[in-house]
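A.B. asks: sequence and predicted structure below; questions after.
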Amino acid sequence: MAPLFKRGAFCYNVIMKFIDEIKIKVKAGDGGNGCVSFRREKYVPRGGPDGGHGGDGGNIIFEGDNSKHTLFDLNYLHIYKAERGEHGRGKDQNGKNGQDLIIKVPLGTVIKNADNDEILADIIAHGQKEIVARGGKGGRGNMAFVTPTKRAPRYAEDGQKGEEFNLLLELKLIADVGIIGFPNAGKSTFISVVSAAKPKVADYPFTTLHPNLGVVKGKKIHSFVIADMPGLIEGAHEGVGLGIRFLKHMERTKLLVHFIDCSEDSSMIERYNIIRNEIKKYSMELFEKKEIIVSTKIDAANEKELNLFRKFIENNKLSGNYVEISSITRKNTEKLIELIEEKLLAYNNEKAI
(Lines give C-alpha, C1' and ligand atoms only; values in the text may rest on other atoms or scores of the structure.)
Protein backbone atom coordinates (compact mmCIF):
# COMPACT_ATOMS: atom_id res chain seq x y z
CA MET A 1 0.00 0.00 0.00
CA ALA A 2 1.33 3.43 -0.90
CA PRO A 3 1.99 5.69 2.10
CA LEU A 4 0.24 9.03 2.32
CA PHE A 5 2.33 12.01 3.41
CA LYS A 6 0.95 14.85 5.46
CA ARG A 7 3.09 17.48 7.20
CA GLY A 8 6.02 15.14 7.58
CA ALA A 9 4.03 12.37 9.29
CA PHE A 10 3.45 8.95 7.83
CA CYS A 11 -0.14 7.83 7.23
CA TYR A 12 -1.22 4.61 5.59
CA ASN A 13 -4.34 3.54 3.76
CA VAL A 14 -6.26 0.98 5.82
CA ILE A 15 -8.63 -1.47 4.16
CA MET A 16 -11.55 -2.09 6.51
CA LYS A 17 -12.83 -5.64 6.23
CA PHE A 18 -16.60 -6.02 6.15
CA ILE A 19 -17.61 -8.04 9.20
CA ASP A 20 -21.32 -8.40 9.93
CA GLU A 21 -21.37 -11.09 12.63
CA ILE A 22 -19.22 -11.52 15.70
CA LYS A 23 -19.30 -13.14 19.14
CA ILE A 24 -18.04 -11.31 22.20
CA LYS A 25 -18.25 -11.65 25.99
CA VAL A 26 -19.27 -8.71 28.16
CA LYS A 27 -18.92 -8.34 31.93
CA ALA A 28 -20.47 -5.40 33.75
CA GLY A 29 -18.61 -4.05 36.75
CA ASP A 30 -19.10 -5.61 40.19
CA GLY A 31 -20.37 -3.41 42.97
CA GLY A 32 -17.87 -2.32 45.62
CA ASN A 33 -18.08 -3.80 49.12
CA GLY A 34 -19.41 -1.81 52.04
CA CYS A 35 -16.94 -0.96 54.81
CA VAL A 36 -16.96 -1.84 58.51
CA SER A 37 -15.38 1.07 60.35
CA PHE A 38 -15.75 3.07 63.58
CA ARG A 39 -14.71 6.58 64.48
CA ARG A 40 -11.61 6.54 66.62
CA GLU A 41 -10.81 10.08 67.63
CA LYS A 42 -9.23 11.25 70.84
CA TYR A 43 -12.06 13.53 71.93
CA VAL A 44 -14.98 11.47 70.59
CA PRO A 45 -15.32 8.70 73.21
CA ARG A 46 -18.41 7.19 71.61
CA GLY A 47 -17.63 7.45 67.94
CA GLY A 48 -20.20 5.46 66.03
CA PRO A 49 -19.87 3.35 62.89
CA ASP A 50 -18.65 5.30 59.87
CA GLY A 51 -18.16 2.63 57.19
CA GLY A 52 -19.09 3.96 53.75
CA HIS A 53 -21.02 2.25 50.97
CA GLY A 54 -19.43 0.59 47.96
CA GLY A 55 -19.85 2.19 44.54
CA ASP A 56 -22.04 0.70 41.81
CA GLY A 57 -20.36 -1.22 39.01
CA GLY A 58 -20.26 0.24 35.51
CA ASN A 59 -22.77 -0.82 32.85
CA ILE A 60 -22.03 -2.22 29.40
CA ILE A 61 -23.74 0.13 26.94
CA PHE A 62 -24.06 -0.21 23.16
CA GLU A 63 -24.44 3.00 21.17
CA GLY A 64 -25.42 3.47 17.52
CA ASP A 65 -22.86 5.33 15.40
CA ASN A 66 -23.71 6.23 11.79
CA SER A 67 -20.03 6.64 10.92
CA LYS A 68 -19.51 2.88 11.31
CA HIS A 69 -20.53 0.36 8.65
CA THR A 70 -18.94 -2.87 9.90
CA LEU A 71 -18.22 -4.69 13.16
CA PHE A 72 -14.52 -4.69 12.22
CA ASP A 73 -13.54 -2.64 15.30
CA LEU A 74 -14.76 -5.42 17.62
CA ASN A 75 -12.90 -8.16 15.80
CA TYR A 76 -9.71 -8.22 17.85
CA LEU A 77 -11.00 -7.89 21.42
CA HIS A 78 -13.56 -10.50 22.45
CA ILE A 79 -13.94 -9.75 26.17
CA TYR A 80 -15.25 -6.38 27.32
CA LYS A 81 -15.31 -5.44 31.00
CA ALA A 82 -16.74 -2.36 32.64
CA GLU A 83 -15.08 -0.80 35.68
CA ARG A 84 -15.99 -2.17 39.09
CA GLY A 85 -17.23 0.10 41.88
CA GLU A 86 -14.78 1.19 44.55
CA HIS A 87 -15.08 -0.27 48.04
CA GLY A 88 -16.43 1.92 50.81
CA ARG A 89 -14.00 3.44 53.29
CA GLY A 90 -14.04 4.72 56.83
CA LYS A 91 -14.99 8.28 57.82
CA ASP A 92 -18.28 7.98 55.93
CA GLN A 93 -16.53 7.77 52.56
CA ASN A 94 -18.53 6.05 49.87
CA GLY A 95 -16.76 4.29 47.01
CA LYS A 96 -16.84 5.84 43.53
CA ASN A 97 -19.15 4.27 40.96
CA GLY A 98 -17.46 2.27 38.20
CA GLN A 99 -17.29 3.92 34.78
CA ASP A 100 -19.69 2.66 32.12
CA LEU A 101 -18.16 0.99 29.07
CA ILE A 102 -19.72 2.32 25.85
CA ILE A 103 -19.30 0.14 22.76
CA LYS A 104 -20.13 1.92 19.49
CA VAL A 105 -21.68 -0.18 16.72
CA PRO A 106 -23.14 0.46 13.23
CA LEU A 107 -26.83 1.18 12.80
CA GLY A 108 -28.72 -2.04 12.22
CA THR A 109 -26.82 -4.07 14.81
CA VAL A 110 -28.91 -6.71 16.57
CA ILE A 111 -27.49 -7.81 19.93
CA LYS A 112 -28.45 -11.32 21.04
CA ASN A 113 -27.70 -13.51 24.03
CA ALA A 114 -25.56 -16.16 22.35
CA ASP A 115 -26.64 -18.83 24.85
CA ASN A 116 -30.41 -18.65 24.28
CA ASP A 117 -30.80 -16.43 21.15
CA GLU A 118 -32.78 -13.79 23.09
CA ILE A 119 -32.65 -10.35 21.47
CA LEU A 120 -31.29 -7.89 24.04
CA ALA A 121 -31.13 -4.76 21.87
CA ASP A 122 -31.66 -3.55 18.31
CA ILE A 123 -29.63 -0.46 17.42
CA ILE A 124 -31.31 1.46 14.59
CA ALA A 125 -30.65 5.17 15.32
CA HIS A 126 -27.55 7.32 15.68
CA GLY A 127 -26.88 8.02 19.34
CA GLN A 128 -29.30 5.32 20.52
CA LYS A 129 -27.95 3.80 23.73
CA GLU A 130 -28.97 0.45 25.18
CA ILE A 131 -27.77 -0.99 28.48
CA VAL A 132 -27.09 -4.66 27.75
CA ALA A 133 -25.36 -5.69 30.99
CA ARG A 134 -26.02 -3.83 34.25
CA GLY A 135 -23.37 -3.24 36.86
CA GLY A 136 -23.79 -4.68 40.35
CA LYS A 137 -25.10 -2.51 43.18
CA GLY A 138 -22.58 -1.42 45.75
CA GLY A 139 -22.84 -2.97 49.22
CA ARG A 140 -23.88 -0.85 52.21
CA GLY A 141 -21.37 0.06 54.88
CA ASN A 142 -22.01 -0.59 58.56
CA MET A 143 -23.22 2.97 59.12
CA ALA A 144 -26.39 1.97 57.23
CA PHE A 145 -27.29 -0.70 59.80
CA VAL A 146 -27.40 1.45 62.91
CA THR A 147 -30.68 1.16 64.86
CA PRO A 148 -31.74 2.38 68.31
CA THR A 149 -31.00 -1.07 69.69
CA LYS A 150 -27.97 -1.87 67.56
CA ARG A 151 -25.55 1.03 67.94
CA ALA A 152 -22.37 -0.66 66.73
CA PRO A 153 -23.06 -3.10 63.88
CA ARG A 154 -19.89 -4.95 62.91
CA TYR A 155 -20.98 -6.08 59.48
CA ALA A 156 -21.48 -4.63 56.00
CA GLU A 157 -22.76 -5.84 52.64
CA ASP A 158 -20.68 -7.16 49.80
CA GLY A 159 -21.25 -5.61 46.41
CA GLN A 160 -23.41 -7.47 43.90
CA LYS A 161 -21.89 -9.10 40.84
CA GLY A 162 -22.30 -7.35 37.50
CA GLU A 163 -24.21 -9.10 34.73
CA GLU A 164 -22.19 -11.24 32.35
CA PHE A 165 -23.25 -12.41 28.89
CA ASN A 166 -21.95 -14.15 25.81
CA LEU A 167 -23.25 -12.01 22.95
CA LEU A 168 -23.83 -12.52 19.26
CA LEU A 169 -23.77 -9.26 17.30
CA GLU A 170 -25.44 -9.35 13.89
CA LEU A 171 -25.34 -6.43 11.51
CA LYS A 172 -28.37 -6.02 9.26
CA LEU A 173 -27.78 -3.07 6.97
CA ILE A 174 -30.38 -0.33 6.97
CA ALA A 175 -31.17 0.61 3.38
CA ASP A 176 -34.34 1.74 1.62
CA VAL A 177 -33.75 -0.46 -1.42
CA GLY A 178 -32.02 -3.81 -1.78
CA ILE A 179 -30.81 -4.98 -5.21
CA ILE A 180 -30.90 -8.76 -5.56
CA GLY A 181 -30.16 -11.29 -8.29
CA PHE A 182 -27.66 -13.84 -9.51
CA PRO A 183 -23.94 -13.04 -9.48
CA ASN A 184 -22.80 -10.80 -12.33
CA ALA A 185 -26.33 -9.52 -13.02
CA GLY A 186 -25.14 -5.90 -13.20
CA LYS A 187 -26.00 -4.83 -9.64
CA SER A 188 -22.65 -3.23 -8.80
CA THR A 189 -22.40 -1.48 -12.16
CA PHE A 190 -25.83 0.07 -11.66
CA ILE A 191 -25.07 1.35 -8.17
CA SER A 192 -21.80 2.85 -9.40
CA VAL A 193 -23.72 4.71 -12.12
CA VAL A 194 -26.56 6.13 -10.01
CA SER A 195 -24.63 6.95 -6.80
CA ALA A 196 -21.19 7.97 -5.60
CA ALA A 197 -20.45 4.41 -4.45
CA LYS A 198 -17.56 2.77 -6.30
CA PRO A 199 -17.88 -0.99 -5.85
CA LYS A 200 -15.48 -3.32 -7.62
CA VAL A 201 -16.95 -4.44 -10.94
CA ALA A 202 -15.71 -6.99 -13.46
CA ASP A 203 -16.99 -9.42 -16.06
CA TYR A 204 -16.94 -12.55 -13.90
CA PRO A 205 -19.20 -14.05 -11.21
CA PHE A 206 -18.96 -13.33 -7.49
CA THR A 207 -17.34 -9.92 -7.92
CA THR A 208 -19.22 -8.53 -4.91
CA LEU A 209 -18.23 -10.14 -1.61
CA HIS A 210 -20.06 -7.76 0.71
CA PRO A 211 -22.97 -5.29 0.42
CA ASN A 212 -22.23 -1.86 -1.04
CA LEU A 213 -24.31 1.13 0.02
CA GLY A 214 -24.97 4.12 -2.20
CA VAL A 215 -26.98 7.29 -1.65
CA VAL A 216 -29.13 8.24 -4.63
CA LYS A 217 -30.46 11.77 -5.08
CA GLY A 218 -33.99 11.64 -6.42
CA LYS A 219 -36.48 14.10 -7.88
CA LYS A 220 -39.50 13.25 -5.72
CA ILE A 221 -37.51 12.08 -2.69
CA HIS A 222 -34.51 14.11 -1.57
CA SER A 223 -32.34 11.00 -1.31
CA PHE A 224 -32.56 7.31 -0.51
CA VAL A 225 -30.09 4.55 0.33
CA ILE A 226 -29.67 1.65 -2.06
CA ALA A 227 -27.78 -1.55 -1.22
CA ASP A 228 -26.09 -3.78 -3.76
CA MET A 229 -26.37 -7.24 -2.23
CA PRO A 230 -23.89 -10.03 -3.13
CA GLY A 231 -25.27 -12.40 -5.74
CA LEU A 232 -27.53 -15.24 -4.65
CA ILE A 233 -27.54 -18.76 -6.05
CA GLU A 234 -29.76 -21.81 -5.69
CA GLY A 235 -29.61 -23.12 -2.12
CA ALA A 236 -28.89 -19.65 -0.69
CA HIS A 237 -31.50 -20.08 2.08
CA GLU A 238 -29.42 -23.02 3.37
CA GLY A 239 -26.19 -21.06 3.27
CA VAL A 240 -24.98 -22.14 -0.18
CA GLY A 241 -22.65 -19.52 -1.65
CA LEU A 242 -22.87 -16.37 0.44
CA GLY A 243 -26.40 -17.49 1.35
CA ILE A 244 -28.03 -16.58 4.62
CA ARG A 245 -25.13 -14.35 5.59
CA PHE A 246 -26.46 -11.68 3.21
CA LEU A 247 -30.13 -12.58 2.88
CA LYS A 248 -30.54 -11.11 6.37
CA HIS A 249 -29.41 -7.69 5.11
CA MET A 250 -32.53 -7.46 2.94
CA GLU A 251 -34.90 -7.81 5.89
CA ARG A 252 -34.80 -4.10 6.76
CA THR A 253 -35.27 -2.81 3.21
CA LYS A 254 -38.54 -1.24 2.08
CA LEU A 255 -38.28 -2.41 -1.51
CA LEU A 256 -36.53 -5.15 -3.49
CA VAL A 257 -35.15 -4.56 -6.99
CA HIS A 258 -34.57 -7.87 -8.75
CA PHE A 259 -31.95 -7.81 -11.53
CA ILE A 260 -31.96 -10.49 -14.27
CA ASP A 261 -29.18 -10.51 -16.86
CA CYS A 262 -30.81 -10.72 -20.30
CA SER A 263 -27.54 -11.30 -22.17
CA GLU A 264 -27.13 -14.92 -21.04
CA ASP A 265 -28.27 -18.01 -22.92
CA SER A 266 -30.02 -19.65 -19.94
CA SER A 267 -33.69 -19.09 -19.16
CA MET A 268 -34.44 -15.72 -17.56
CA ILE A 269 -37.73 -17.08 -16.21
CA GLU A 270 -35.95 -19.97 -14.50
CA ARG A 271 -33.33 -17.67 -12.97
CA TYR A 272 -36.03 -15.29 -11.74
CA ASN A 273 -38.02 -18.12 -10.13
CA ILE A 274 -34.91 -19.61 -8.45
CA ILE A 275 -34.20 -16.36 -6.61
CA ARG A 276 -37.87 -15.89 -5.67
CA ASN A 277 -38.02 -19.43 -4.28
CA GLU A 278 -34.85 -18.92 -2.26
CA ILE A 279 -36.30 -15.77 -0.70
CA LYS A 280 -39.60 -17.52 0.02
CA LYS A 281 -37.84 -20.40 1.78
CA TYR A 282 -35.78 -17.98 3.82
CA SER A 283 -38.58 -15.61 4.94
CA MET A 284 -42.20 -15.09 3.91
CA GLU A 285 -42.01 -11.53 5.20
CA LEU A 286 -39.14 -10.84 2.83
CA PHE A 287 -40.91 -12.67 -0.02
CA GLU A 288 -43.96 -10.41 0.37
CA LYS A 289 -42.02 -7.15 0.07
CA LYS A 290 -42.75 -4.98 -2.96
CA GLU A 291 -40.49 -5.88 -5.89
CA ILE A 292 -39.36 -4.16 -9.09
CA ILE A 293 -38.15 -6.55 -11.80
CA VAL A 294 -35.30 -5.34 -14.00
CA SER A 295 -33.84 -6.87 -17.16
CA THR A 296 -30.22 -5.71 -17.25
CA LYS A 297 -27.57 -5.46 -20.00
CA ILE A 298 -30.27 -4.69 -22.57
CA ASP A 299 -27.52 -3.45 -24.92
CA ALA A 300 -26.32 -7.07 -25.29
CA ALA A 301 -29.65 -8.85 -24.96
CA ASN A 302 -30.41 -12.42 -25.98
CA GLU A 303 -33.57 -11.48 -27.87
CA LYS A 304 -35.10 -14.96 -27.71
CA GLU A 305 -34.85 -15.21 -23.90
CA LEU A 306 -35.83 -11.57 -23.45
CA ASN A 307 -39.03 -11.98 -25.50
CA LEU A 308 -39.97 -15.07 -23.49
CA PHE A 309 -39.42 -13.13 -20.29
CA ARG A 310 -41.52 -10.20 -21.56
CA LYS A 311 -44.42 -12.61 -22.15
CA PHE A 312 -43.91 -14.02 -18.65
CA ILE A 313 -44.10 -10.50 -17.20
CA GLU A 314 -47.25 -9.71 -19.21
CA ASN A 315 -48.98 -13.00 -18.35
CA ASN A 316 -48.35 -12.45 -14.63
CA LYS A 317 -49.53 -8.80 -14.81
CA LEU A 318 -46.16 -7.47 -13.62
CA SER A 319 -45.70 -4.86 -16.36
CA GLY A 320 -46.15 -1.95 -13.94
CA ASN A 321 -43.18 -3.18 -11.94
CA TYR A 322 -40.91 -4.02 -14.86
CA VAL A 323 -38.04 -2.06 -16.47
CA GLU A 324 -35.34 -2.90 -19.03
CA ILE A 325 -32.03 -1.08 -18.54
CA SER A 326 -28.42 -0.84 -19.61
CA SER A 327 -26.14 0.66 -16.96
CA ILE A 328 -23.29 0.97 -19.48
CA THR A 329 -25.29 3.10 -21.95
CA ARG A 330 -27.47 4.58 -19.15
CA LYS A 331 -30.60 3.48 -21.04
CA ASN A 332 -33.69 3.66 -18.77
CA THR A 333 -31.62 4.08 -15.57
CA GLU A 334 -33.49 7.33 -14.85
CA LYS A 335 -36.78 5.55 -15.49
CA LEU A 336 -35.83 2.88 -12.93
CA ILE A 337 -34.89 5.53 -10.34
CA GLU A 338 -38.26 7.25 -10.88
CA LEU A 339 -40.10 3.93 -10.41
CA ILE A 340 -38.13 3.24 -7.22
CA GLU A 341 -39.07 6.70 -5.91
CA GLU A 342 -42.73 6.05 -6.75
CA LYS A 343 -42.71 2.76 -4.80
CA LEU A 344 -40.89 4.31 -1.83
CA LEU A 345 -43.39 7.17 -1.66
CA ALA A 346 -46.27 4.68 -1.70
CA TYR A 347 -44.55 2.68 1.07
CA ASN A 348 -44.06 5.80 3.21
CA ASN A 349 -47.68 6.86 2.70
CA GLU A 350 -48.93 3.40 3.74
CA LYS A 351 -46.85 3.54 6.93
CA ALA A 352 -48.11 7.06 7.71
CA ILE A 353 -51.77 5.97 7.69
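C.D. replies: Received, thanks.
A.B. asks: distance of residue 154 from residue 44?
C.D. replies: The spacing between residue 154 and residue 44, counted by Cβ to Cβ, to the nearest Å, is 18 Å. In this view, the C-beta of every residue, glycine as well, is placed from N, C-alpha and C.
A.B. asks: what do you get for residue 145?
C.D. replies: For residue 145, the distance to residue 44 - Cβ to Cβ - is 20 Å.
A.B. asks: between these two, which has more neighbouring residues?
C.D. replies: residue 145 (18 against 9; other Cβ atoms under 10 Å).
A.B. asks: that one and residue 156, how far apart?
C.D. replies: Taking Cβ to Cβ, one finds residue 145 at 8 Å from residue 156.
A.B. asks: same deal with residue 271?
C.D. replies: The gap separating residue 271 from residue 156 is 72 Å, by Cβ to Cβ.
A.B. asks: between those two, point out the one with more neighbours.
C.D. replies: Neighbours per residue (other Cβ under 10 Å) separate residue 271 from residue 156, with residue 156 holding more: 24 against 20.
A.B. asks: how about that one, secondary structure?
C.D. replies: coil (DSSP: H, G, I helix; E, B strand; the rest coil).
A.B. asks: test my guess that it contacts residue 33.
C.D. replies: Yes - proximity of residue 156 to residue 33 meets the contact threshold set by Cβ atoms under 8 Å, at 6.8 Å.
A.B. asks: overlap in contacts, those two.
C.D. replies: 88, 139 (Cβ atoms under 8 Å, 6 or more residues apart in numbering).
A.B. asks: who are the packing partners of the host helix or strand of residue 310?
C.D. replies: Here residue 310 sits within helix 303-315, counting by DSSP states H and E. Using 3 or more Cβ pairs under 8 Å, 6 or more residues apart in numbering; DSSP states H and E, the elements in contact with helix 303-315 are helix 268-282, strand 291-296.
A.B. asks: need the ones you listed in JSON lines (columns: distance to residue 93 and mean pLDDT).
C.D. replies: Shown next, in JSON lines, are the helices and strands packed on helix 303-315 (distance: least, Cβ to Cβ, whole Å; pLDDT from 0 to 100):
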{"stretch": "helix 268-282", "distance to residue 93": "59", "mean pLDDT": "90"}
{"stretch": "strand 291-296", "distance to residue 93": "66", "mean pLDDT": "96"}
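A.B. asks: so of these, which one's packed in deepest?
C.D. replies: A comparison of the helices and strands packed on helix 303-315 by mean neighbour count, using mean count of other Cβ atoms under 10 Å, puts strand 291-296 on top with a mean of 23.
A.B. asks: neighbours of residue 75, how many?
C.D. replies: If we define neighbours as other Cβ under 10 Å, then residue 75 has 12 of them.
A.B. asks: how about it, nearest residue that isn't a chain neighbour?
C.D. replies: residue 19 (5.7 Å; Cβ to Cβ, 6 or more residues apart in numbering).
A.B. asks: distance of that neighbour from residue 32?
C.D. replies: Taking Cβ to Cβ, one finds residue 19 at 36 Å from residue 32.
A.B. asks: these two: which is more packed in?
C.D. replies: residue 32 (30 against 15).
A.B. asks: related to what we said a few turns ago, for the helices and strands packed on helix 303-315, give me a markdown table that also has distance to residue 69.
C.D. replies: Putting those into a markdown table (distance: least, Cβ to Cβ, whole Å) gives the following:
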| stretch | distance to residue 69 |
| --- | --- |
| helix 268-282 | 23 |
| strand 291-296 | 25 |
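A.B. asks: out of these, which gets nearest to residue 94?
C.D. replies: Counting by Cβ to Cβ, residue 94 lies closest to helix 268-282 out of those; the figure is 53.8 Å.
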